[in-house]
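Novice: sequence first, predicted model second:
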Amino acid sequence: MDLGLKDKVVLITGGDKGIGGGITRAVAKEGAVPVIVARDVSAIQKIQDELKAGGFRSFAVTAELSRPEECERAVRETLVVAGRLDALVNNAGVNDGVGLESGNPEKFVVSLQKNLLHYYCLAHYALPALKAARGSIVNIGSKVAITGQGNTSGYAASKGGIMGLTREWAVELLPFRIRVNSVLPAEVMTPLYERWIQTFPDPKTKLASIVSKIPLEKRMTTSEEIAAMVVFLISSQSGHTTGQHMIVDGGYVHLDRALT
């Protein structure tokens, strides 16, 4: 299937590793031009070297996305180096463990800045370019917004907010034919997930317990499977899909309880 993404410019926040890295690779393989926006210079360079070795084009902008002015600069620099913007993939974030009892209001606000504010800022500053291109937005959320997790109020609030903004923007941007959707992963082995699982006294047992609850094939979702959904959603092949929350999780959220 030709997704019609050749030479399209796609800005991907946190596109240097984990799920974002998978999205960057998938976008490049479809013939589009990823613009990687992240703060880890060495990780950005690593994936850019990998893409170049494979014959793919890419651009990069180093930015601290918790600052609105850095979000504006990221969009501005994208337009300078790439000349256009066809799709925005809001992905960057961190499950930072700011809980109700263990956190405080100051930490909660910081968590929202790290996990939600830049979704709005990037979309706001990218909007003129997306209007010109009749582009699309994909917001990466999390199953935590649906299931909860415990001890992560800031992250859960942010991911719930992302679901709300996805529907809100889909409505607001209908007149401009800009489609807005979200993808909700559950259990994906990213560098952040790997660090989280190591915080348990027996990481192997904890991981086995999680995997046992994933109905489809009893395995974790891969970054490539999340990326495949993202590239479909930004492509013309999903031209009549907007305001949707696509849960890519092997049935973890909705099927596990039905099967027990």
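Specialist: The structure has been received and is ready for your questions.
Novice: now the strands for the stretch 1-150 of the chain?
Specialist: Counting by DSSP state E, counting those that start in this stretch, residue ranges of the strands within the stretch 1-150 of the chain are 9-13, 33-38, 59-62, 87-90, 136-140.
Novice: roughly how far out does the last one sit from the chain middle?
Specialist: Looking back up the chat, that one is strand 136-140. A distance of 7 Å separates the centroid of the chain from that of strand 136-140, by CA atoms, centre = their mean, to the nearest Å.
Novice: mind checking the longest helix of the protein?
Specialist: Secondary structure assigned by DSSP state H gives helix 153-172 as the longest helix of the chain.
Novice: that helix - contacts with which helices or strands?
Specialist: Using 3 or more CB pairs under 8 Å, 6 or more residues apart in numbering; DSSP states H and E as the contact test, the elements touching helix 153-172 are helix 105-112, helix 118-133, strand 136-140, helix 144-147, strand 179-185. C-beta here means a position set from N, CA and C on the backbone, and glycine is covered the same way.
Novice: partners of the last one, with directions?
Specialist: In its sheet, strand 179-185 lies beside strand 136-140 (parallel), strand 245-248 (parallel), with partners assigned from DSSP bridges.
Novice: after it, next one along is what?
Specialist: helix 191-197 (DSSP states H and E).
Novice: any weak-confidence spans in the protein?
Specialist: By pLDDT under 70, the low-scoring segments of the chain are 256-260.
Novice: middle-most residue in this protein, spatially?
Specialist: Central residue check for the chain by CA atoms, centre = their mean: the C-alpha nearest the mean position is that of Asn91, 2.4 Å away.
Novice: residues in contact with it?
Specialist: With contacts defined as CB atoms under 8 Å, 6 or more residues apart in numbering, the neighbours of Asn91 are Ile12, Thr13, Gly14, Gly15, Ile19, Gly20, Ile23, Ile140.
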